[in-house]
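Chemist: build the 3D model from these lines:
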Amino acid sequence: MTVTCSSAVFAGTFGPGTGATINLTITASAGDTLHLWTTVDDTFSISGVSDATNGSWGAALNTVNDATNGQVLAQFRKENSAAGSIVITVTFSSASADFRDAAVVSLSGVSSPSLDQHTGQLQAAAGTGTDAVTTGLMSPTAQPAGVVALSMNTTAGASGPASGTGYTNKGTGWPLSFNLATVEFQRITSLTAIGGTFTSATAVAHVTLGAIYTEAGAGGIVNDALFFGGGP
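Modeler: Take a look at the predicted model:
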């Protein structure tokens, strides 16, 4: 089975919403892994992610704060999802939380467990070179696998970056029509270290987070031993 990634579903608001949450809905097949990114003004914090079907998503994989521009970005995942229309709730520390947004994708054809690597970083001014905006490198332990990443322009004065070389754009959003964030995906068939990459039209700050998920039935090299199986 080949790992694939859905289009991203986005939700969010400029100002405070109704209550301390935002909700978004994605369709999943049984066994999918759901991957979500969420952001908020760093005066506030991200309390957690859950959905009505699968329950709590647990702790964030990574959280990166751009203190200069006052925005924090985190990523979460839920593996082995039930099938159906999954209604996800992101909870913030206060109903007053503003610049709150979330994006989610569903990955099919993954192993169980599926998460292999995850990382992220802030780049205050990565420049406008091709693929200059990046998560930083991740070293997969099994292949084939799928790489997902989101990069967000945190300055709000320009649009989000374009997806990087070899990646498929899975959607842009946040907030309203500004489209400050871009989601991308790539299936890989090598154990070579890789990062999620993007290209920005302007030399402004970006926060970028990504992860690698192992394809069902993948093989790889771990501690110099060849293995085959459903995950790392």
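Chemist: by contact count, what packs against the longest strand seen in the chain?
Modeler: Taking residue count as the measure and DSSP state E as the definition, the longest strand of the chain comes out as strand 206-222. On a contact count with 3 or more CB pairs under 8 Å, 6 or more residues apart in numbering; DSSP states H and E, strand 206-222 meets strand 33-41, strand 62-66, strand 71-78, strand 110-123, strand 133-134, strand 143-153, strand 225-228. Any C-beta I mention is one placed from the backbone N, CA and C, and that applies to glycine too.
Chemist: tell me which of those strands lies nearest to residue 90.
Modeler: Of all those, the one in closest proximity to residue 90, counting by CB to CB, is strand 33-41 (4.9 Å).
Chemist: and the closest one, how far from the chain's centre?
Modeler: Taking the mean C-alpha point of strand 33-41 and that of its whole chain, the gap between them comes to 6 Å (CA atoms, centre = their mean, to the nearest Å).
Chemist: could you do stretch 212-221 as well?
Modeler: The offset between the C-alpha centroid of stretch 212-221 and the centroid of the whole chain comes to 19 Å, using CA atoms, centre = their mean.
Chemist: can you start the count at 40 instead of 1 from here on
Modeler: All right, first residue 40 from here; so that's stretch 251-260.
Chemist: show me what counts as buried in it.
Modeler: For stretch 251-260, the neighbour count (16 or more other CB atoms under 10 Å) marks 251-255, 257, 259 as buried.
Chemist: can I get those residues in CSV including pLDDT?
Modeler: As requested, the buried residues of stretch 251-260 are arranged in CSV below (pLDDT from 0 to 100):
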residue, pLDDT
251, 98
252, 98
253, 98
254, 98
255, 96
257, 90
259, 61
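Chemist: ok so, going back, looking at the helices and strands packed on strand 245-261, spot the one closest to residue 247.
Modeler: Once those are compared by CB to CB, strand 182-192 is nearest, at 4.0 Å.
Chemist: what are the C-alpha coordinates of the closest one, in PDB please?
Modeler: Included here for strand 182-192 are C-alpha records, laid out as PDB according to Å, rounded to 0.1, in the frame of the first residue of the first chain:
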ATOM      1  CA  GLN A 182      11.400   3.600   3.400                       C
ATOM      2  CA  PRO A 183       9.100   4.200   1.600                       C
ATOM      3  CA  ALA A 184       7.700   6.900   3.800                       C
ATOM      4  CA  GLY A 185       5.700  10.100   3.500                       C
ATOM      5  CA  VAL A 186       7.000  13.600   4.600                       C
ATOM      6  CA  VAL A 187       4.500  16.300   5.600                       C
ATOM      7  CA  ALA A 188       5.400  19.800   6.500                       C
ATOM      8  CA  LEU A 189       3.800  23.200   7.100                       C
ATOM      9  CA  SER A 190       5.500  26.600   6.900                       C
ATOM     10  CA  MET A 191       4.000  29.800   8.100                       C
ATOM     11  CA  ASN A 192       5.100  33.300   7.400                       C
END
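Chemist: that strand - contacts with which helices or strands?
Modeler: With contacts defined as 3+ CB pairs under 8 Å, 6+ apart, the secondary structure elements packing on strand 182-192 are strand 43-44, strand 72-80, strand 110-117, strand 139-147, strand 220-227, strand 236-238, strand 245-261.
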